[in-house]
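> what shape does this take:
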Amino acid sequence: MTDAPPSDLVAEIARRRTFAIISHPDAGKTTLTERLLRLGGAIQLAGNVRAKREQRKTRSDWMSIERERGISVVTSVMTFEHAGCVFNLLDTPGHEDFSEDTYRTLTAVDAAVMVIDAAKGIESRTLKLFEICRLRDIPILTFVNKMDRDSQDVFALLDEVSSALALDCAPVTWPVGRASDFVGTYDLRRREYRMARELPQSDPRFAALDEEMQLVRAALPEFEVPGFMEGSLTPVFFGSAMKEIGVADLLEGLAEYGPRPRAQAADTRVVEATEEHLTALVFKIQANMDPQHRDRIAFARVCSGRLVRGMRLKQVRTGKLIPLHAPQFFFARDRALAEEAFAGDVVGIPNHGTLRIGDTLSENEDLNFVGVPYFAPEILRRVRLGDAMKAKKLRQALRELAEEGVVQLFRPQDGSPPMVGVVGTLQLDVLQARMAAEYGIQIGFDPPPFQLARWLTGERALVEKFVDDQRAAMADDVDGDPVFLATSAFMMRRTMELNPGLTFRDIKDHRVEPAALAKPN
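Down below sits the predicted model:
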């Protein structure tokens with residue numbers, strides 16, 4: 001782009017902060033999310049929308065199965081304005097069974113807040129999520145939660161984080177007191193206290209803090225923005241989400257030095273956020289957020305430019321024009337009409353199955369954003385239908401939920417019942433619960449004779465011959481792409497050795513079209 005973008009566009013984009021919250025289950029991620037939302041109030045971007053008392057209590061865990069089990073199983077999107085910044089907060093599932101949803105969510109953010117339990121330190125799920133962030137060069141802020149409970153020694157905890165993640169830890173705040181004596185935080189940069197209640201100057205917690213400050217300044221690195229942006233350093237905040245201590249420190253940190261919307265890699269070039277023409281990436285589909293209206297929302301990250309309600313965008317995958325009659329901002333399950341949005345914002349686009357995960361929307365250019373993959377499932381199950389009269393409805397429900405990313409769908413080419421693929425068994429529970437609640441279908445699962453699924457690519461003639469020869473072990477995924485099903489790892493290796501002209505992939509990019517999977521060389 002040779003022309004400079006309008007100054008008002010640049011200013012609006014600079015106000016955006018789009019971040020995800022990641023953690024091991026039970027570290028307090030959802031509680032922290034809700035405390036951040038309380039500080040932020042309600043969506044105020046759409047004009048006269050204001051939060052009522054009951055709306056302020058909106059939970060990011062809005063599905064019935066989430067409320068029943070006390071876990072997050074889908075990514076919730078929440079937009080709010082605070083201190084002159086517009087925040088797009090994505091609350092990700094903590095459970096490892098939903099890692100694919102989390103991975104896709106991290107394609108849409110510019111930073112991540114890593115929540116750590118002060119007593120447990122770095123846990124396995126935290127480590128895996130951090131590695132995903134590192135692969136995507138996403139800057140990380142660390143929030144050490146539950147300081148109002150018995151915890152590890154703070155210095156030992158920071159050393160553990162630094163060693164496990166190969167990351168310098170630079171405290172921005174420091175806890176005043178520990179466990180039941182935890183009453184607030186001290187800001188190392190501003191040299192200010194933020195206390196839940198006033199303490200007399202003679203309180204021993206101040207003397208302890210003075211001693212700790214000497215050690216902090218001597219042994220720990222000082223926070224500096226370049227190191228944070230390049231991913232070698234994480235600013236550390238301490239607090240208790242439950243008691244709302246330290247939460248405001250974190251939000252102020254995000255506003256002050258959280259990354260602005262960054263450039264996004266596409267297949268033909270890198271797209272800068274401040275470019276005038278609009279581009280967007282669909283990273284999530286959510287069906288039946290309002291079961292009474294059977295809605296289907298595509299969540300899109302605006303990657304560049306300005307979105308205006310009523311504009312028409314090109315769906316690059318199909319070439320179709322998609323009218324934006326009612327783009328929406330979300331506050332968990334509540335929503336408000338978005339008259340306009342800017343790069344960095346996450347908007348919901350109502351549609352009836354036209355948009356898919358990984359789709360690129362563009363105002364005037366054919367390009368595809370990269371890095372939104374499917375992963376081969378670790379568990380395969382055949383779907384058992386209790387009522388044969390609902391077979392047609394089952395096919396529709398499985399297709400819709402597979403497009404949403406709840407599970408992966410495989411339709412065997414020999415006509416046998418459909419199979420679903422998942423990372424973990426909890427996904428099967430979610431599928432079963434949503435089938436019953438949203439579609440009125442009771443299903444069960446049976447183990448199939450297959451253990452592995454791989455996408456098949458290669459020269460068209462070779463693919464067609466292989467498919468004909470292996471019909472009983474072939475299936476089509478939700479996009480119609482060919483998938484080979486193997487009964488064991490040994491059989492997969494053997495099949496690969498016997499078919500050197502074919503490629504058996506355990507990762508599929510969402511942008512790949514069925515025809516491209518079997519095109520001639």
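
> could you find the closest non-adjacent residue to residue 17?
Using Cβ to Cβ, 6 or more residues apart in numbering and skipping the chain neighbours, the partner closest in space to residue 17 is residue 258 (4.5 Å). (Glycine included, C-beta is placed from N, CA and C.)

> residues contacting the one you found?
Residues touching residue 258, when contacts are defined by Cβ atoms under 8 Å, 6 or more residues apart in numbering, comprise 17, 19, 85, 110-111, 141.

> how about the strands in the stretch 51-200 of the chain?
When assigned using DSSP state E, counting those that start in this stretch, the strands of the stretch 51-200 of the chain occupy the ranges 76-82, 85-91, 111-117, 140-145, 168-171, 173-176, 184-187, 192-195.

> reformat those as TSV; add distance to residue 249 and mean neighbour count.
Written out in TSV, the entries for these read as follows (distance: least, Cβ to Cβ, whole Å; neighbours: other Cβ atoms under 10 Å):
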stretch	distance to residue 249	mean neighbour count
strand 76-82	13	23
strand 85-91	15	24
strand 111-117	12	24
strand 140-145	9	25
strand 168-171	11	22
strand 173-176	5	24
strand 184-187	6	23
strand 192-195	6	14
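
> give me the beta-bridge partners of residue 170?
Beta bridges link residue 170 to residue 235 when assigned by DSSP bridges.

> residue contacts, it?
Residues in contact with residue 170, defined by Cβ under 8 Å, 6+ apart, are 220-224, 227-228, 233-236.

> okay, the residue nearest the centre of the chain: pLDDT?
Centre of the chain computed as the mean C-alpha position; nearest residue by Cα atoms, centre = their mean is residue 105, 2.3 Å away. If you check residue 105, the pLDDT there is 84.

> beta partners of the closest residue to residue 416 other than its chain neighbours?
The spatial neighbour of residue 416 that comes closest, neighbours along the chain excluded (Cβ to Cβ, 6+ apart), is residue 382 at 7.6 Å. Beta bridges link residue 382 to residue 419, residue 446 when assigned by DSSP bridges.

> what of residue 360?
The partner list for residue 360 in beta bridges (DSSP bridges) reads residue 281.

> quick one, what contacts it?
Contacts here follow Cβ under 8 Å, 6+ apart; on that basis residue 360 touches 266, 279-282, 315-317, 367-369, 511.

> same question, residue 194
Remark: with contacts taken as Cβ under 8 Å, 6+ apart, residue 194 is in contact with 173, 184-187, 245-246, 248-249.

> from these, pick the one nearest residue 149.
Each of the contacts of residue 194 was checked against residue 149 using Cβ to Cβ; the closest is residue 245, at 12.2 Å.

> so that closest one touches residue 197, yeah?
No: under the criterion of Cβ atoms under 8 Å, residue 245 is not in contact with residue 197, lying 10.3 Å apart.

> re the thing from before, count the neighbours of the residue nearest to residue 416 for me.
Other residues near residue 382 number 18, with proximity taken as other Cβ atoms under 10 Å.

> that one is in contact with residue 410, isn't it?
No: the criterion here is Cβ under 8 Å, and residue 382 misses it with residue 410 at 9.5 Å.

> residue 284 versus the residue nearest to the centre of the chain, what's the distance?
Counting by Cβ to Cβ, to the nearest Å, the separation of residue 105 from residue 284 is 7 Å.

> could you do residue 38 as well?
Applying Cβ to Cβ, one obtains 24 Å for the distance of residue 38 from residue 284.

> ok, the nearest residue to residue 171 once chain neighbours are set aside to residue 123 distance?
Nearest in space to residue 171, with sequence neighbours left out and distances taken as Cβ to Cβ, 6+ apart, is residue 236 at 4.8 Å. Separation of residue 236 from residue 123 (Cβ to Cβ) stands at 17 Å.

> neighbour count: these two, which is higher?
Neighbour tally, residue 236 and residue 123, criterion other Cβ under 10 Å: the higher count belongs to residue 236, 27 against 16.

> contacting residues around that one?
If you count contacts by Cβ under 8 Å, 6+ apart, residue 236 has them with 142-144, 158, 161, 169-173.

> touching, residue 345 and residue 87? I think so.
No: taking contacts as Cβ under 8 Å, residue 345 lies outside contact range of residue 87: 10.1 Å.

> what's the overlap in contacts for the two?
Overlap between the contact sets of residue 345 and residue 87, as judged by Cβ under 8 Å, 6+ apart, is given by 18, 79.

> residue 85 pairs with what?
When bridges are taken as DSSP bridges, the partners of residue 85 come out as residue 82.

> wait, it touches residue 16, no?
Yes: counting by Cβ under 8 Å, residue 85 touches residue 16, with 7.4 Å between them.

> tell me which element residue 427 is part of?
helix 425-434 (DSSP states H and E).

> what packs against that helix?
Helices and strands touching helix 425-434, by 3 or more Cβ pairs under 8 Å, 6 or more residues apart in numbering; DSSP states H and E, are helix 64-69, strand 379-385, strand 419-422, strand 443-446.

> quick one, which of those is packed in tightest?
Relative to the other members of the helices and strands packed on helix 425-434, strand 419-422 carries the highest mean neighbour count by mean count of other Cβ atoms under 10 Å, namely a mean of 24.

> chain center to that strand: distance?
Distance, stretch centre to chain centre, for strand 419-422: 21 Å (Cα atoms, centre = their mean, to the nearest Å).

> stretch 299-312 too?
19 Å.

> and that stretch, what's its mean pLDDT?
The average pLDDT within stretch 299-312 is 96.

> only alpha carbons, please: show it as CSV.
Taking C-alpha atoms only, stretch 299-312 is exported to CSV below (Å, rounded to 0.1, in the frame of the first residue of the first chain):
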residue,chain,number,x,y,z
PHE,A,299,-16.7,-15.4,14.7
ALA,A,300,-14.3,-13.4,12.6
ARG,A,301,-11.2,-11.5,13.6
VAL,A,302,-11.0,-8.2,11.6
CYS,A,303,-7.4,-8.3,10.3
SER,A,304,-7.2,-5.0,8.6
GLY,A,305,-9.3,-1.9,7.8
ARG,A,306,-12.8,-0.9,9.0
LEU,A,307,-15.9,-3.0,8.9
VAL,A,308,-19.2,-1.2,8.4
ARG,A,309,-22.6,-2.7,8.8
GLY,A,310,-24.2,-3.3,5.4
MET,A,311,-21.0,-3.8,3.4
ARG,A,312,-20.5,-6.9,1.2
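
> tell me which residues of that stretch come out buried.
Buried residues in stretch 299-312, defined by neighbour count with 16 or more other Cβ atoms under 10 Å: 299-307, 309, 311.

> all set, thanks.
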